[in-house]
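Asks: Kindly return the folded structure for what I paste below:
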Amino acid sequence: MFQFGNYPYLVYVVSVSAVVLGLFAFYIAWKRRAIEIMSRGIARKYLIRGSGKIAIVKQVLIILAIILFALAVLRPQWGELAREVNNEGSDVLIALDVSPSMLAQDVKPSRLQRSKDAIRLIVESLRGDRVGLILFSGDAFLQCPLTNDYGAFMMFLDAASPDSINLKGTDIGMALKQAYRVFQKKRLTSRLLVLITDGEDHEGAAEEAAKLFRDMDVSIYTVGIGGTGGEVIPTQGNDSSPDSYYRDDRGRLVKTKKDVSFLKRIAGATRGAYIDISDSFSGLKFINEIVGDQRCNKYGSRIIKEPREQYQVFVFILLLLISFELMLPERRR
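Replies: The predicted structure follows:
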């Protein structure tokens with residue numbers, strides 16, 4: 001199968017090559033026009049001391065050289081190359097729900113604060129593995145890219161709050177799509193996604209997005225938090241007055257509850273598992289064990305097949321053309 005290793009840059013390489021070819025064509029046309037103007041009334045042999053045929057050959061060689069250079073830059077690939085490579089450990093991506101419902105206090109001190117404590121326990125168990133953080137509410141974004149700098153990660157975690165995202169609501173599907181984009185970069189790592197939320201989803205696209213991870217062989221471990229009886233949602237302040245709770249358009253108190261069945265479906269779709277941290281953090285040991293098992297294979301190896309680089313062929317032909325062009329005599333002896 002033929003392909004270009006630098007295919008994402010195809011437009012730029014073709015554009016630059018086209019500009020260079022255009023400038024060279026303009027130079028050739030200008031040169032011929034200049035010779036025609038200067039040769040009026042003068043024999044061309046006194047103006048052009050070289051061979052016209054050789055000049056045309058040199059011009060063709062230069063054009064071919066420009067095209068071959070562009071092809072070499074694009075890194076043509078065909079065939080397969082098998083090689084043994086070492087694994088690189090685990091990538092743990094954590095998606096944290098920061099929607100207003102996570103301020104509910106059916107779990108003390110709040111769902112959000114307890115979720116942060118759970119994340120700290122997960123990170124403290126890591127040994128050289130990379131960890132990243134996605135925040136989501138009505139939208140989602142990568143708060144902390146995958147990194148081994150746990151101190152920096154904790155700083156990003158401490159700053160997480162409902163104010164981190166302007167668009168309110170809960171769109172778990174958006175969080176999963178953001179995580180999918182992070183995991184799309186091919187690395188020789190064991191990868192898993194930890195989704196911490198109360199399970200309320202206002203958009204309904206999460207289960208469809210979870211299928212992307214099954215095809216990528218990435219498991220989603222859903223971590224549920226909150227009660228199932230319904231809890232009012234306090235605003236950011238600590239005031240306990242009636243006006244300090246979220247209300248709907250009719251003035252009724254908005255209540256939130258954990259959706260366990262939904263979170264179990266998300267985890268089951270990707271061969272993951274559901275864990276509840278509302279009462280204790282004991283379930284987190286399961287995630288730590290999964291990461292630990294993956295870490296045991298950190299120094300193992302595997303055989304992978306990669307496209308074979310063939311740009312050397314074009315570089316070799318390019319050097320031959322340039323050498324031949326330089327050796328062609330420009331003038332008659």
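
Asks: the strands in the chain, which residues?
Replies: 3-4, 76-86, 90-97, 130-136, 140-147, 190-197, 219-224, 231-232, 255-256, 273-276, 301-309 (DSSP state E).

Asks: would you turn these into a markdown table with distance to residue 123?
Replies: Every residue, glycine included, has its C-beta placed from N, CA and C. Compiled in a markdown table, the strands of the chain are given as follows (distance: least, CB to CB, whole Å):
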| stretch | distance to residue 123 |
| --- | --- |
| strand 3-4 | 39 |
| strand 76-86 | 24 |
| strand 90-97 | 8 |
| strand 130-136 | 6 |
| strand 140-147 | 11 |
| strand 190-197 | 11 |
| strand 219-224 | 14 |
| strand 231-232 | 28 |
| strand 255-256 | 27 |
| strand 273-276 | 16 |
| strand 301-309 | 27 |
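
Asks: Lowest average confidence across those, which one?
Replies: Of all these, the minimum mean pLDDT falls on strand 301-309 (a mean of 73).

Asks: What are the buried residues along the longest helix belonging to the chain?
Replies: Criterion DSSP state H: the longest helix present in the chain is helix 10-38. By 16 or more other CB atoms under 10 Å, the buried positions in helix 10-38 come out as 13, 17, 20.

Asks: surely the first one meets residue 70?
Replies: Yes: taking CB atoms under 8 Å as the contact criterion, residue 13 and residue 70 are neighbours in contact, 5.3 Å apart.

Asks: Pretty sure residue 227 sits against residue 257.
Replies: Yes: contact criterion CB under 8 Å: residue 227 and residue 257 qualify, at 6.3 Å.

Asks: before we move on, back to that, any shared contact partners between residue 13 and residue 70?
Replies: Common contacts of residue 13 and residue 70, defined by CB atoms under 8 Å, 6 or more residues apart in numbering, are absent altogether.

Asks: for stretch 64-73, which positions count as buried?
Replies: So stretch 64-73, judged by 16+ other CB under 10 Å, has buried residues 65-73.

Asks: CA atoms only for that stretch, dumped as PDB, please.
Replies: Taking Å, rounded to 0.1, in the frame of the first residue of the first chain, the C-alpha atoms of stretch 64-73 are listed here in PDB:
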ATOM      1  CA  LEU A  64      12.300  16.900 -12.200                       C
ATOM      2  CA  ALA A  65      14.600  17.700  -9.300                       C
ATOM      3  CA  ILE A  66      12.100  20.000  -7.700                       C
ATOM      4  CA  ILE A  67       9.300  17.400  -8.100                       C
ATOM      5  CA  LEU A  68      11.500  14.600  -6.600                       C
ATOM      6  CA  PHE A  69      12.500  16.900  -3.700                       C
ATOM      7  CA  ALA A  70       8.800  17.400  -2.900                       C
ATOM      8  CA  LEU A  71       8.200  13.700  -3.100                       C
ATOM      9  CA  ALA A  72      11.100  13.000  -0.800                       C
ATOM     10  CA  VAL A  73       9.900  15.500   1.800                       C
END
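
Asks: How many residues are close by residue 273?
Replies: Per other CB atoms under 10 Å, the neighbour tally for residue 273 reads 17.

Asks: Same question for residue 140.
Replies: Residue 140: 23 neighbours (other CB under 10 Å).

Asks: Pretty sure it sits against residue 95.
Replies: Yes: contact criterion CB under 8 Å: residue 140 and residue 95 qualify, at 7.5 Å.

Asks: shared neighbours, the two?
Replies: Counting by CB under 8 Å, 6+ apart, the residues touching both residue 140 and residue 95 are 134, 175, 178.
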